[in-house]
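Visitor: What follows is a predicted structure for the sequence shown.
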Amino acid sequence: MRYPLRLFFFILFPFLTNAQQQGLDSLKNIFLNATDDSVRFGTATRIYAYYEELNRDSALYYTDQCIQLARRNNKKMNEVPSLCQKAYQQLNMGRFAESLESLFTAFNIAEDPQNEKYYWTFDSLHWIFDKHTSESNRRLSGLAYTHHISGVLMWRTQNTEREIFHFRMAKSIGDDINNVTRSQLADMNLGRAYTNINKLDSALIFEKEAQRLAWKSGYLKYLPFNLYQQGLIYLRMKDTVTATYYFHGSVKLGIELSNLSALGRSYYELTKIYIEKNNKDSSLYYGQKTLNTLYTLGPMAGIDLNIGIAYENMFHVYKLRNEVDSAYKYQGLALEANDSIYNNRIKNLAAFQSLTLKEQFRLQNVEKEKVVYQNKIRIYFLLAGIGMLLLLAIIFYRNNRQKNKAKIKIEQAYDNLKATQQQLIQSEKMASLGELTAGIAHEIQNPLNFVNNFSDVNKELADELEQEIDKGNYADAKTIAKDIKGNEQKINHHGKRADAIVKNMLQHSRSSSGTKELTDLNALADEYLRLSYHGLRAKDNSFNATMKTDFDESIGKINIIPQDIGRVVLNLINNAFYAVDEKKKGNQNGYEPTVSVSTKKNNGKVEIKVADNGNGIPKKVVDKIFQPFFTTKPTGQGTGLGLSLSYDIVRAHGGELKVETKENEGTEFIIIL
C-alpha cells in the first residue's frame, strides 16, 4: 500500500468522535447559568473551539466574552490566547487593522514576565499551554501563539517575508519548551508559506512533519488543512492523482471535524481538477459544494478563497456543460462579487496600513526597557507599510487590467442578458398582476353592490322626506332623515372597503422600491389567499376548493419588502390552486381540493407554509423546480420563472424557500424568514 499511515487514519477516524458538538447545548447552559467566572471562562473557551472554523460571528462573540472575564479577574495569561483568537476571527473577516490591534495588546502582555502568575488553567487550553508546565513556559506558549496568529495575518495581507519570520519564531519557541501542538501548527503554516513561493520540497517536508506531530499531540482539528496543503503541493508538482487523493481526504476530515475553511478550499480545488478532466457531473457537484460552504462560512474565507472565485468556477462548470444562460449568470455574479471584494479589501488594507504607521509613532514613547522590542516592531511596521504600498499598486494594476479584459469580452452579452432578464421579470409580474386583477374585480363587486343598493334606498327616502315635510309631519321627517344618515354611513364604509382593495392592487402592481417596512405577515397571506381564490373563480366559476388558515398571532409585524414577499406568496398559492384543480379534473371520487396557508414563529425565524393535497411533484423533477424557465405546466400556461423569481426574492431577504412533496399526496412550500 502506497499510503499506509493515511489508510490507518481513515480506518480508525470514525471512532474518534467530536464530543464538542454533542455537548454544545449543555455547554451554553453552563455558560449562561454559572456564577463562577473561571467556570464561565473555561466553558466559553470550549464553545469558541467548536465555532472557530464553523461560524465566525459566534466564535468572535465567545472569545470577546473570554476577554471580558479575564480582564475582570486580572488573569492576563488567559487574556493572551483570547486576544489571539479574536485577532484570528477578525483577520478572516478582512478586518486587518482590528486584528493587528488585538495582536499588539497580546504581545504587550505575553512579553512581560511580570504577568506570568496571573492565570487560570484549563484542559480546554492544552493546545496553547500545558497546565502542568511552569509559569515561564506558559507565558512563552502564549507568546508563540501570538507569533502564530501574526504569521496568519501576514499571510492574509500577502507579506510573505514577515509571515515566515513569525511562524519560525512560533516554531522556535514551541521546540524550546516542548509544546508539540505549537510546533505542529507552525510547521503546517510554514509548509503553506513555502508552497506559495514555490519551494515545494521544503513545503512538503514541513507538512509531513506537521502531520506526524498532529498524531503525536492528538490535536487533529487542523489535519484537514494539512491534507489540503499536501494536495496543493502535489498539484503544483503536476501529480494530479495524488493531489486528488489528498483533497478527498481533506473533505472527509473537514466534514467530520467541522473545519469549513479547509473543506471549502478542497471543494474548490476538486472542482478545478474535474473541469480540467471535462467531468461535467463531478465538477458541478463540487462547484455547488464550494458555494454552499462559502454561504455558511462567509463570502470572504481568505485571500485565496472567496465567493468571487467560486462563482468563476461555476461559470467554467456551466460552460463545460454547454449551459450558456447559467454560465453567463455566474460570470456576471463573479464580476460583481470580485469588484465588491476588491473594494472591501482595499478599504481594509488602507486601514491596516494607517494603523501600522500610527503604531510606529506610538512605540517611540514606550519606556526604555522596551527599546529592543520597539526596534523590532518599528522594522516590522516599515516593512509592512512598504509591502502594503506595493500590494496596493499590484492590486490596482492587476484589477484594472483584468477588469478591462473581462468587460470587453462580456459587456455586450451581459447587457443583453440583463435586458432579457428584466423583460422576463416584467412579463412574469404582469402575468401575476393579471391573475390578481381578476380576483380583485370579483372581490370589489361585493362592496360596490352595497353602495349601489343603499344609494337607491336613500333616493327613495329623500322623496319620502320631501313629502312628509310638505305635510308638516316633522317627527316622521326626522326619522327618515336618520335612516338616510345611517345609510350614508354604510355607503361610506363599503366605499372605503372598495378603496382599500384598489390600493392593495396598486401596491402589488407598482415597482418595488426595495425598501423594507414593517408588515403584518398574517394579513398579507390572508389577503392574497382570498384574491387568488377569487381570481380563479372569475376565470372558471366551476372551480371550488376548501381554504384553511392557521396564523400565529405572536408574529406581529416583521421587516420585509411587502410587494416582493406578496408576489412570492401569491405565486405559491396560485400554484397550489392549480395543483388541486388538476387533480380534481382527474375525476377522483371523494376527492376534496384543499389549500392551506399557515404562519409560525420558530427560534427567532418566521415560517410561511403553503400546502395542497394535489398530485405532488415527481421525484425526477423536484430538484429542477427553482431553475429558470423550468415548468411542469403545459405550453402557454407557464413561463417557468415564477418559482425561480420567488426563490431569488426570498434569498435576497436572507431567507430560505424549501419544498416538501409526496407523489399523489400533495406539496408543501416553506418560506423561512
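Guide: Sure thing, it's come through. Residues are numbered from 1 along each chain as shown.
Visitor: which residues in the stretch 151-300 of the chain form strands?
Guide: 300-302 (DSSP state E, counting those that start in this stretch).
Visitor: Can you pull out the low-pLDDT segments for it?
Guide: 298-300 (pLDDT under 70).
Visitor: And the closest residue to Ala576 other than its chain neighbours, how close does it get to Gln65?
Guide: Spatial nearest neighbour of Ala576, excluding adjacent residues (C-beta to C-beta, 6 or more residues apart in numbering): Asp612 at 3.9 Å. Any C-beta I mention is one placed from the backbone N, CA and C, and that applies to glycine too. Asp612 sits 47 Å away from Gln65, taking C-beta to C-beta, to the nearest Å as the criterion.
Visitor: Which one's more surrounded, the two?
Guide: Asp612 (27 against 19; other C-beta atoms under 10 Å).
Visitor: what about stretch 615-631, average pLDDT?
Guide: What stretch 615-631 shows for mean pLDDT is 77.
Visitor: Then stretch 313-331?
Guide: Mean predicted confidence for stretch 313-331 is 87.
Visitor: what's the spacing between that stretch and its chain's center?
Guide: Put simply, stretch 313-331 sits 22 Å off its chain's centre (C-alpha atoms, centre = their mean, to the nearest Å).
Visitor: can you list the domains in the chain?
Guide: Domains of the chain are assigned by automatic domain parsing as 413-509, 518-672.
Visitor: for the ones you listed, which one ends up most surrounded?
Guide: Comparing the domains of the chain by mean neighbour count (mean count of other C-beta atoms under 10 Å), domain 518-672 comes out on top with a mean of 17.
Visitor: Could you pull out the strands in the stretch 451-600 of the chain for me?
Guide: Under DSSP E, counting those that start in this stretch, the stretch 451-600 of the chain gives strands at 517-520, 546-550, 557-560, 594-602.
Visitor: Same list (those) but as a markdown table, adding distance to Glu207.
Guide: Putting these into a markdown table (distance: least, C-beta to C-beta, whole Å) gives the following:
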| stretch | distance to Glu207 |
| --- | --- |
| strand 517-520 | 54 |
| strand 546-550 | 57 |
| strand 557-560 | 48 |
| strand 594-602 | 45 |
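Visitor: mind checking which of those strands is nearest Gly218?
Guide: The closest of the strands of the stretch 451-600 of the chain to Gly218 is strand 594-602. By C-beta to C-beta, the value is 39.2 Å.
Visitor: Pairing partners for that closest one, with directions?
Guide: When sheet partners are counted by DSSP bridges, strand 594-602 sits next to strand 546-550 (parallel), strand 605-612 (antiparallel).
Visitor: about what we covered before: in contact with the residue nearest to Ala576, which residues?
Guide: 576-577, 579-580, 593-596, 666-668 (C-beta atoms under 8 Å, 6 or more residues apart in numbering).
Visitor: on that earlier part again, mean pLDDT added to the strands paired with strand 594-602, as TSV?
Guide: TSV is the format used below for the strands paired with strand 594-602 (pLDDT from 0 to 100):
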stretch	mean pLDDT
strand 546-550	91
strand 605-612	93
